[in-house]
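Q: using only what follows, build the 3D model:
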Amino acid sequence: MAKAASSASGSKSKKSATGGGGKKVTAYQRYMKRELARLKEEKPDTPHKERFKEVAQSWASHPDNPKNKPE
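A: Residues are numbered from 1 along each chain as shown. Okay, here's the model as predicted:
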């Protein structure tokens with residue numbers, strides 16, 4: 001049995017390949033991406049879970065962390 005289309009143009013909208021207004025990348029996400037890549041090169045045999053823990057802990061005292069900015 002064939003599915004019936006909900007509308008002529010489709011029921012779900014597709015995001016464009018040129019950005020389309022997604023969510024903003026946070027300072028934490030940028031930091032994690034950069035530091036995980038760096039740590040992976042330095043310690044390729046360390047499991048991802050351990051590298052992630054190490055980088056997440058270092059975020060707590062990193063100057064890019066908005067919680068560490070003076071008020």
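Q: so, low pLDDT: which residues of this structure?
A: 1-20, 71 (pLDDT under 70).
Q: residue boundaries of the helices in it?
A: Counting by DSSP state H, the segments of the chain that form helices are 27-42, 48-59.
Q: helices or strands up against the last one?
A: What that stands for is helix 48-59. With contacts defined as 3 or more CB pairs under 8 Å, 6 or more residues apart in numbering; DSSP states H and E, the packing partners of helix 48-59 are helix 27-42. Where C-beta positions appear, they are placed from N, C-alpha and C, glycine not excepted.
Q: what's the answer for the first one, then?
A: Contact partners of helix 27-42 among helices and strands, from 3+ CB pairs under 8 Å, 6+ apart: helix 48-59.
Q: check the chain and tell me which residue is nearest its centre.
A: The centroid of the chain falls nearest to Gln29 when counting by CA atoms, centre = their mean (4.9 Å).
Q: which parts of stretch 22-42 are buried?
A: Tyr31, Glu35, Leu39 (16 or more other CB atoms under 10 Å).
Q: between these, which sits nearest Asn68?
A: Tyr31 (11.7 Å; CB to CB).
Q: which one is the closest one nearest to, not counting chain neighbours?
A: Spatial nearest neighbour of Tyr31, excluding adjacent residues (CB to CB, 6 or more residues apart in numbering): Asp64 at 5.5 Å.
Q: that neighbour touches Ala27, doesn't it?
A: Yes: counting by CB atoms under 8 Å, Asp64 touches Ala27, with 5.2 Å between them.
Q: coming back round to it: Lys69 is nearest to which of the helices of the chain?
A: helix 27-42 (10.3 Å).
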